[in-house]
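>>> Task: produce atomic coordinates for the following.
(chains A and B)
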Number of protein chains: 2
Amino acid sequence: MTPGEVVVSGVGHTRFGRLDGEGLESLVVEAVRAALADAAVPGGAVDAVFFGNFNAGMQPMAFGSSLALQADEGLLGVAATRVENACASGSAAVHQGIQAILAGAADTVLVVGAEKMTDSSPETVGRALLGADYDAAGTASRHGFAGLFAAVALEYQRRYGAIGDEMAWIAAKNHGNGLANPYAHLRRDLGFEFCRDVSDANPMVADPLRRTDCSPVSDGAAALVLQRGDLAARSLARIAGYSQSSDYLPAARRDPLAFEGTKAAVAQAFKMADRTLSDLAFAEVHDCFTIAELLVYEAIGLAGPGRAKDVVDAGITHKDGKLPVNPSGGLKSKGHPVGATGVSQHVLAALQLSGRAGDMQVPHAGVGLVHNMGGLAVANYATIMESV
Amino acid sequence: MTPGEVVVSGVGHTRFGRLDGEGLESLVVEAVRAALADAAVPGGAVDAVFFGNFNAGMQPMAFGSSLALQADEGLLGVAATRVENACASGSAAVHQGIQAILAGAADTVLVVGAEKMTDSSPETVGRALLGADYDAAGTASRHGFAGLFAAVALEYQRRYGAIGDEMAWIAAKNHGNGLANPYAHLRRDLGFEFCRDVSDANPMVADPLRRTDCSPVSDGAAALVLQRGDLAARSLARIAGYSQSSDYLPAARRDPLAFEGTKAAVAQAFKMADRTLSDLAFAEVHDCFTIAELLVYEAIGLAGPGRAKDVVDAGITHKDGKLPVNPSGGLKSKGHPVGATGVSQHVLAALQLSGRAGDMQVPHAGVGLVHNMGGLAVANYATIMESV
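The predicted structure is shown next:
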């Protein structure tokens, strides 16, 4: 059996945002029920559940694999596993789901990713997120993860020159795209000038990252049903290629601008799918900070080292460009409920590839890339999905 | 490809115990290097790493999948994933490793489980462990997880009569067995009377559980190399069957004495392996508390409901009995570094099946069962392993 015989047969997605009154369980239940209904798959047909969740102290319940069973009586007895790879926990769940089917261990897999963040104080969230950094874990940091990516942006500027405008362009693009996304946390078309200029409404968070360069702290969940294509009642998209590559944890062992693990994962996924960059109709990539999306342009081969600004200047990744990147609005606009993010990216790709993306729809959506990473390109995932 | 074509080709195991001066990383590194050396597999041959780790606030670093890369330069670029299923996190890693090979995604998988617990205060450890309970997570509890299993023991006694002596017999058996285990945390043959009698040295922790009914808080790591049998230079054991079954999280939705998920997982693993209980030469089962081992006797079919005492009376599970259970000393004597436990169980089974178990060796070790669970029989794993 090949990855291409694994299909997405249904998707579910809660709103992302500050969702008062919702908890981790209610978010999981909502997304799971939506995905099962969308796939027209009864809970009893599910063989395995993979749950993407970071947590790291944001919720006292630290054993969430069986939360999905609260959604449907038919799920009792399923093989349910939580997987964690920091901000790529959602894609970890998707990829383990694919492997369970390829292994013959499951015909139907339910994948769900979720995070409930806004119950916690900013200090708790900051400490949890820094728990994904080898060097900063357990330390007090005024800027949290933004500080780490700010250092990357500074290093980029040191080597290659100013990128304040380019980062602002990415922010404005993704905010504009997010206006069309009914699930997005921030649905405001802020415009380039607002994103470029430091102001009371757009303060510097960690120089050179402005607030608009940072994805928000959000609650949310997303789910999808993976099935053997020959057993699925319908297919939204198929998995043409998937790959994962891990880099060293200590920052000193990585070139902060190279995103080597992302390069490797994307290259391997393309190879498995027998596709190249020019086949893509769109990409959903990991823009936790605008500098991350900029570096992904170079890592996936849209530009050489230090030349990401050429991509921006040519408008290639704009929704009307040659390769729309983050037509969903990305993490920047959607929000970044950590464990949900990777699943959400795959859900949105499936919607594009099945022509169900509504106002987000890109034309001729035949092949899409999902890229998701944990830490500073430590855990790297790439999936090539195709329409059926 | 069938599970029986997946073999364990090398194992590594740190000492379990209060390991001052060791951290999560150094434990992982020690176990990984030992397993790779034992398998004679270079790091560069490893395709995937699965890391079993619970954490839940015991360590500030919450993103441990890539820690294994610190052990060997050849591991750079590997697909590394952390899996978590509370106290069954280690078996979750083993089972995902098996599936990665069956999926054709990996020929060689490195599985490592680890936990560093003794850095934390008893309050932090207690809160972390209660994070594995839906109902008690986030609450203050004087007895922690012992209180939950004490309630199970009380319910058993209410239905079926006193089991203080039977639990003490299990404790004494496992302490006696642990004397032969060079990795064990508690290597003391305490004897039945000591375990039975409440004393200053053996106080009641949560009635009716005495200290000797509880596994200790420990640091430690264990690792193993899984390979396609046709590619392995040598094989210690093969995976004949494996299964996982999840039950509801809220206690009110489970019969506390039935261990339904354990029953299902064990039955499915036997079926896959085409084996029955009578084929087993030994079993390593999840005795986080002696009441758990007692209930496992009934769940795997050694006795009917309420009749576990017959197993004890007949000495069936003694090292010299018909079916030695926990010849390693079990969690009771070895210690229970949460994420390491499941991997350790599989390592010890592989040592038995390859005749390398030293003073722990049981005779005619052709087929063994590993049973590991997270929460009160919420996440349940069973593996049938065979000699080659």
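
>>> And the lowest-mean-pLDDT helix or strand in chain A, what does it pack against?
In chain A, the helix or strand scored least confidently by mean pLDDT, DSSP states H and E is helix A:122-130, which has a mean of 94. With contacts taken as 3 or more C-beta pairs under 8 Å, 6 or more residues apart in numbering or on different chains; DSSP states H and E, helix A:122-130 sits against helix A:144-160. All C-beta spots, glycine's among them, are computed from the backbone N, C-alpha and C.

>>> close to chain B, is the helix it packs on?
No - if you take C-beta under 8 Å from any C-beta of the partner chain as the test, helix A:144-160 misses chain B, and the best it gets is 11.5 Å.

>>> Quick one: work out the angle between the helix or strand A:Gln345 falls within and helix A:122-130.
According to DSSP states H and E, A:Gln345 maps onto helix A:338-353. Calculated by axes from the mean of the first three to the mean of the last three C-alpha atoms, to 10 degrees, helix A:338-353 forms an angle of 70 degrees with helix A:122-130.

>>> Could you look up the next helix or strand downstream of helix A:338-353?
Using DSSP H and E, the helix or strand that follows helix A:338-353 in sequence is strand A:367-374.

>>> could you pull out the strands for the stretch 251-388 of chain A?
Taking DSSP state E, counting those that start in this stretch as the criterion, the stretch 251-388 of chain A carries its strands at A:282-284, A:367-374, A:379-386.

>>> Switch those strands over to TSV, and while doing so, append mean pLDDT, mean neighbour count and distance to B:Glu84 to every line.
Shown next, in TSV, are those (pLDDT from 0 to 100; neighbours: other C-beta atoms under 10 Å in any protein chain shown; distance: least, C-beta to C-beta, whole Å):
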stretch	mean pLDDT	mean neighbour count	distance to B:Glu84
strand A:282-284	98	29	26
strand A:367-374	98	28	14
strand A:379-386	98	29	15
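
>>> Can you lay out these as CSV showing distance to chain B?
Output for the strands of the stretch 251-388 of chain A, formatted as CSV (distance: least, C-beta to the nearest C-beta, whole Å):
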stretch, distance to chain B
strand A:282-284, 20
strand A:367-374, 6
strand A:379-386, 6
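
>>> need those strands in JSON lines with distance to A:Ile163, can you?
JSON lines is the format used below for these (distance: least, C-beta to C-beta, whole Å):
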{"stretch": "strand A:282-284", "distance to A:Ile163": "20"}
{"stretch": "strand A:367-374", "distance to A:Ile163": "19"}
{"stretch": "strand A:379-386", "distance to A:Ile163": "22"}
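
>>> can you tell me which of those strands comes nearest to A:Val78?
strand A:379-386 (23.2 Å; C-beta to C-beta).

>>> The closest one packs against which elements?
Contacting strand A:379-386 under the criterion 3+ C-beta pairs under 8 Å, 6+ apart are the following elements: helix A:89-102, strand A:237-246, helix A:260-273, helix A:338-353, strand A:367-374.

>>> With B:Ala62 as the reference, measure out to the closest residue in space to A:Tyr242 that isn't next to it in sequence.
Distance criterion C-beta to C-beta, 6 or more residues apart in numbering or on different chains; nearest residue to A:Tyr242, sequence neighbours excluded, is A:Thr383 at 4.7 Å. For A:Thr383, the distance to B:Ala62 (C-beta to C-beta, to the nearest Å) stands at 24 Å.

>>> for A:Leu36, same thing?
Distance of A:Leu36 to B:Ala62, computed by C-beta to C-beta: 30 Å.

>>> next one: A:Thr108
Counting by C-beta to C-beta, the gap from A:Thr108 to B:Ala62 is 31 Å.

>>> For stretch A:219-231, buried residues please.
A:219-229 (16 or more other C-beta atoms under 10 Å in any protein chain shown).

>>> correction: stretch A:170-185
Under 16+ other C-beta under 10 Å, the buried positions of stretch A:170-185 are A:170-181, A:183-185.

>>> Please apply the same query to stretch A:271-286.
Buried-residue list, stretch A:271-286, by 16+ other C-beta under 10 Å: A:272-273, A:275, A:279-286.

>>> how many neighbours does the nearest residue to A:Pro305 once chain neighbours are set aside have?
In this structure, A:Pro305 finds its nearest non-sequential neighbour in A:Glu298, 5.9 Å apart by C-beta to C-beta, 6+ apart. A:Glu298 has 21 neighbours, counted by other C-beta atoms under 10 Å in any protein chain shown.

>>> One more: A:Ser26?
Neighbour tally, A:Ser26, other C-beta under 10 Å: 19.

>>> Could you check which helix or strand contains it?
Going by DSSP H and E, A:Ser26 is part of helix A:24-39.

>>> other SSEs contacting the helix or strand just after that helix?
Sequence-wise, the next helix or strand downstream of helix A:24-39 (DSSP H and E) is strand A:48-52. Applying 3+ C-beta pairs under 8 Å, 6+ apart, we find strand A:48-52 packed against strand A:79-84, helix A:89-102, strand A:108-115, helix A:338-353.

>>> now those as TSV including mean pLDDT?
TSV is the format used below for the helices and strands packed on strand A:48-52 (pLDDT from 0 to 100):
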stretch	mean pLDDT
strand A:79-84	98
helix A:89-102	98
strand A:108-115	98
helix A:338-353	98
